[in-house]
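**Q** any chance you can model this:
(one chain, ligands or ions: 1)
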Amino acid sequence: MDQRDGTYSVSSGNQKQCNDLESLWCVSELFLLNRSFQNPQSRLEQSSFTTNIQASKKSTDNQKSNPMFKVSICTAIATSLFFLLFSSPPKPSHHSLYISSSLSDNASISHHLYTLTRRPHIAGSKANADAAAYVLSTLSSYAIKSHIVSYDVALTYPVSRSLTLIRPSPEPSTTFDLRQEIYDGDPYADVASEVVPTFHAYAKSGTVAGPVVYVNYGRVEDYEVLKEMGVSVEGTVVLARYGKIFRGDIVQNAFAAGAIGAVVYTDRKDYGGGGGDARWFPDDKWMPPSGVQVGSLLTVDGDPTTPGWASTRDECERLSEEEVENGGGVGMIPSLPISAADGEAIMRTIGGQVANDDWQGSTDAPVYRVGPGPAILNLSYTGEQKITTIQNVFGVIEGTEEPDRFVLLGNHRDAWTFGAVDPNSGTATLLEVAQRLRKLQKRGWRPRRTIVLCNWDAEEYGLTGSTEWVEENREMLASKAIAYLNVDSAVSGAGFYASATPQLDELLKQATQQVQDPDNSSQSIYESWVGSSNSPIIGRLGGGGSDFAAFVQHVGVPATDISFGAGYPVYHSMYDDFIWMKKFGDPMFHRHAAAASIWGLVALRLADEEFLPFDYLSYAYELQKSAKELEGEISNKGINLIPLFKSIEKFKRAATKINHQRKEIEENKGWASIWKKEHLKVRELNDRLMMAERAFTDRDGLLGRPWYKHLIYGPLKHDDYGSKSFPGIDDAIEKAKSQSTEKSWSLVQHEVWRVSRAVIDASLVLNGELT
Ligand SMILES: [Zn+2]
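**A** Below is the predicted model:
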């Protein structure tokens, strides 16, 4: 145990290491492991990139006169050359071993998931601290050096809630019980009382009463429709349904439209199997009528009282609750999430015009009208903000040749309820990756670069654990992080989904070509992912959906996010439990095993390959595609996009050039590689590949959203889930369209220039030459 500020670590000494620094025998033995001419221990001690040939020279000089030593050294060199020439390349074989069925263990994945989800474990709870201890001890049992880093962050919890529907007399009023029901035989009935009462984290406390207006999904465009219908939401309590945008934006948009309160329900059409004779959990995968989607409203990332800096455990600067509210990232009006049953009960009392067809519910649902009223909703919510200790768990496998280069794999642990899908399918998968890496280590594998396994806390509140850690380690990550590989909910069903920064597209495609589809053994995941199109759909990482946000959008670290299944009906409700996963998500846990294969294989290639498997030509192609879309959007607005297109051309040339340079080094290596003459060249080229993504970030960040530094990918202003290319240009266009002044359009031009400069900066980094 090693006590540090807010952290403690468990180290394990089981890694096979060569302890005799001077022994060339030892070095030749290492050929078997790494096909490397470097001594691992000296590499661990020196973070700079030097060979240990010189380091060991001094002591070998002393032994030169010994004839036995001469024999030894000749034998050693001969042995080394033998292995170099005739042994199969160990790393690729370790990689295929990693994805082979002999190493995967779905029984232990199932066991991890069962254990992690025995009790509800919201951030800040004792149960979640127990889950952290489980992750820590499991990583340690795999001989992975592990530790916990804690932060004190502002989280909110519900104190009291009430919702009453007052109908015109003589109809009686209804007070909703706001409870999710347990079912017959529910094995979690004994701990159901530990599930947090349904609420919105960071909702405003208060009591409001007003006529109800139905606002569909609560998007900006939905309010435009209401406006066209002549319906004002001023002074009303809106009824919105979940499903299209981030809930924080549903409440934000309601506030912006003048509403005084908001209730957000789960429509049967979207989550209940479409109504009719559809059945629900535990008989089918659908959300039961009393199921409620809990969640956070936070539209900023991390602890809102420490924007841009870490909530370190010892004294740290903190904004007051009033300052946080003035920032606008929290709920500005009282709100509550409610069930399908309660939503429908309210809907039946709304009068006024009939809503559009695409605003209606399932076929057997009542006709949806928009109101306002005549029924009145009386909503009361009291929450409390508590400074709470959260725990990120880390496992570190130190790289032997480049320990100062980090490949990070991350998943969060905290859950609104039991979290069998979100997020612990990911946690169980992370532990499976760890177990397989342990098995590889037993067979002699050592990563070239350092692998960091991260298990975040308080993601559900606002990506808080990862954001605080990234803010604390910003400079280290900016100079040393190769990539961040996120998995949130690893499995909610069949079908592979991926998002990435584009230089990692090719690597994802290659990895999925190597892994068998868990739902169709006759083809690879790649084949089913592509389907009938030419190329798979890869999403981008501009949104705030999970822990990749701080890495990509704040620091500019290349990243991926993968999962099996696209969403699931019991999301963030108390029915997201192990039984749901066993029955509907992944009965055999073979999708989990496949997720571990892809996740780990991508990590292994990034950690082990001499040249980073990045392809910036894909990035150039994506930039060009986005620029063309932009051209279509603002043609005839007098905006000059030539600087942007020119910068992309320059970037494309730089991407081609660095690919060429890489090939050149590879071809010219030959025998030189034995003596590592090319090491510095390789390292320098890799550094350019690593740093090019950083060049897309800008110190000042997006206008009015300075935490978001990335100028290529950022969240949509009115939907934190949505990812946007050129978010700064997009913000400026939106403003210009509403203001329609010359000045506002010149701001669009300014944003185009900013993006163009960032793209040119990235090309300069790829070129690696001073101007
Ligand atoms: Zn999650």
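
**Q** please, which helix or strand holds the closest residue to residue 469 other than its chain neighbours?
**A** Spatial nearest neighbour of residue 469, excluding adjacent residues (Cβ to Cβ, 6 or more residues apart in numbering): residue 392 at 5.6 Å. Backbone N, C-alpha and C define where each C-beta goes, glycine included. Element membership for residue 392 (DSSP states H and E) is strand 376-397.

**Q** residues touching the residue nearest to residue 469, list them.
**A** Residue 392 is in contact with 148-151, 454-457, 465-466, 469, counting by Cβ atoms under 8 Å, 6 or more residues apart in numbering.

**Q** and those residues, which is closest to residue 431?
**A** residue 455 (8.9 Å; Cβ to Cβ).

**Q** any idea what the closest one is bridged to?
**A** Per DSSP bridges, the residues bridged to residue 455 are residue 393, residue 411.

**Q** what's the distance between it and the ion?
**A** Distance check for residue 455 against the ion: by Cβ to the ion, to the nearest Å, it reads 12 Å.

**Q** swap in residue 471?
**A** 20 Å.

**Q** next: residue 139.
**A** 20 Å.

**Q** okay, now that residue: neighbour count?
**A** 27 (other Cβ atoms under 10 Å).

**Q** check the secondary structure at it for me.
**A** Secondary structure for residue 139, judged by DSSP: H, G, I helix; E, B strand; the rest coil, is helix.

**Q** my guess is it contacts residue 432. True?
**A** No - with contacts counted by Cβ atoms under 8 Å, residue 139 stays clear of residue 432, the gap being 11.9 Å.

**Q** any buried residues in stretch 748-757, and which?
**A** 748-749, 751-752, 754-756 (16 or more other Cβ atoms under 10 Å).

**Q** same for the ion: which of those residues are within range?
**A** The subset of the buried residues of stretch 748-757 within reach of the ion, by Cβ under 5 Å from the ion, is empty.

**Q** surely residue 207 is in a strand?
**A** Yes - the assignment for residue 207 (three-state DSSP) places it in a strand.

**Q** measure the residue nearest to it when sequence neighbours are not counted to residue 212 for me?
**A** For residue 207, ignoring the flanking residues on the chain, the nearest one in space by Cβ to Cβ, 6+ apart is residue 380 at 4.1 Å. Distance of residue 380 to residue 212, given as Cβ to Cβ, to the nearest Å: 15 Å.

**Q** if you count surrounding residues, which of the two has more?
**A** residue 212 (26 against 17).

**Q** please name the bridge partners of the more buried one.
**A** residue 237.

**Q** from what I can see it touches residue 346, true?
**A** Yes - assessed by Cβ under 8 Å, residue 212 is found in contact with residue 346 at 6.1 Å.

**Q** what touches both of those two?
**A** The contact lists of residue 212 and residue 346 share 239, 375, 377, where a contact means Cβ under 8 Å, 6+ apart.

**Q** I'd say the second one and residue 167 touch.
**A** Yes - checked against Cβ under 8 Å, the pair residue 375 and residue 167 is within contact range at 5.1 Å.

**Q** shared neighbours of those two, anything?
**A** Common neighbours of residue 375 and residue 167 (Cβ under 8 Å, 6+ apart) are residue 349.

**Q** quick one, which of those two is more surrounded?
**A** residue 375 (24 against 15).

**Q** which residues sit in contact with that one?
**A** So, once contact is read as Cβ under 8 Å, 6+ apart, residue 375 ends up touching 165-168, 211-212, 346, 349-350.

**Q** for it, grab phi and psi.
**A** The phi and psi values for residue 375, taken as degrees, to the nearest 10, are phi -70, psi 150.

**Q** how near is it to the ion?
**A** 35 Å.

**Q** check residue 731 too.
**A** In terms of Cβ to the ion, residue 731 sits 27 Å off from the ion.

**Q** check which residues of the strand holding residue 392 are buried.
**A** 376-381, 383, 385, 388-397.

**Q** where along the stretch 351-500 of the chain do the helices fall?
**A** 424-442, 459-462, 464-472, 474-480 (DSSP state H, counting those that start in this stretch).

**Q** run the chain-centre distance for the longest one.
**A** It refers to helix 424-442. Distance, stretch centre to chain centre, for helix 424-442: 18 Å (Cα atoms, centre = their mean, to the nearest Å).

**Q** got the angle between it and strand 376-397?
**A** 0 degrees (axes from the mean of the first three to the mean of the last three Cα atoms, to 10 degrees).

**Q** helices or strands up against helix 424-442?
**A** helix 90-99, helix 106-116, helix 126-141, strand 376-397, strand 402-412, strand 449-456, helix 590-608 (3 or more Cβ pairs under 8 Å, 6 or more residues apart in numbering; DSSP states H and E).

**Q** does that helix reach the ion?
**A** No - applying Cβ under 5 Å from the ion, one finds helix 424-442 separated from the ion by no less than 7.5 Å.

**Q** which parts of the protein sit against the ion?
**A** So the chain meets the ion at 422-423, 488 (Cβ under 5 Å from the ion).

**Q** who wins for most neighbours among those residues?
**A** That'd be residue 423 among these, by other Cβ under 10 Å, with 29 neighbours.

**Q** contacting residues for it?
**A** Contacts of residue 423 (Cβ under 8 Å, 6+ apart): 411-415, 459, 488-489.

**Q** just give the nearest non-adjacent residue to it, would you?
**A** Using Cβ to Cβ, 6+ apart, the closest residue to residue 423 is residue 412 (4.6 Å).

**Q** right, and the one you found touches residue 461 too?
**A** No - applying Cβ under 8 Å as the test, residue 412 and residue 461 come out as separate, 10.2 Å apart.

**Q** can you redo the residues of the chain next to the ion as JSON lines with pLDDT?
**A** Shown next, in JSON lines, are the residues of the chain next to the ion (pLDDT from 0 to 100):
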{"residue": "422", "pLDDT": "96"}
{"residue": "423", "pLDDT": "98"}
{"residue": "488", "pLDDT": "97"}
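
**Q** just the closest of these to residue 128, please.
**A** Distances from residue 128 to the residues of the chain next to the ion, taken by Cβ to Cβ, are shortest for residue 423, at 11.4 Å.

**Q** may I have the phi/psi pair for the closest one?
**A** Dihedral angles of residue 423 (phi, psi; degrees, to the nearest 10) stand at phi -120, psi 0.

**Q** what of residue 562?
**A** Per degrees, to the nearest 10, the backbone of residue 562 is at phi -130, psi 160.

**Q** with adjacent residues omitted, what lies nearest to it?
**A** residue 498 (4.7 Å).

**Q** how about the contacts made by the one you found?
**A** 508, 512, 529, 536, 538-539, 560-563.

**Q** just list whatever residues bridge to it.
**A** residue 538, residue 562.

**Q** flag the shaky bits of the stretch 401-550 of the chain, pLDDT-wise.
**A** Of all residues in the stretch 401-550 of the chain, none has pLDDT under 70.

**Q** got it, and the stretch 551-700 of the chain?
**A** 670-677.

**Q** which parts of it are strands?
**A** All strands of the stretch 551-700 of the chain, identified by DSSP state E, counting those that start in this stretch, fall at 559-564.

**Q** how about the helices in it?
**A** Counting by DSSP H, counting those that start in this stretch, the helices of the stretch 551-700 of the chain are 578-580, 590-608, 616-634, 642-669, 679-692.

**Q** which other helices and strands contact the longest one?
**A** It refers to helix 642-669. helix 616-634, helix 679-692, helix 742-767.

**Q** elements contacting the last one?
**A** Taking 3+ Cβ pairs under 8 Å, 6+ apart as contact, the helices and strands that helix 742-767 lies on are helix 616-634, helix 642-669, helix 679-692, helix 727-739.

**Q** by how many degrees do the shortest one and helix 742-767 diverge?
**A** Read that as helix 727-739. Using the same axes, to 10 degrees: helix 727-739 against helix 742-767 is 170 degrees.

**Q** so which bits of helix 727-739 are buried?
**A** For helix 727-739, using 16+ other Cβ under 10 Å, the buried residues are 727-736.

**Q** thank you kindly, that will do.
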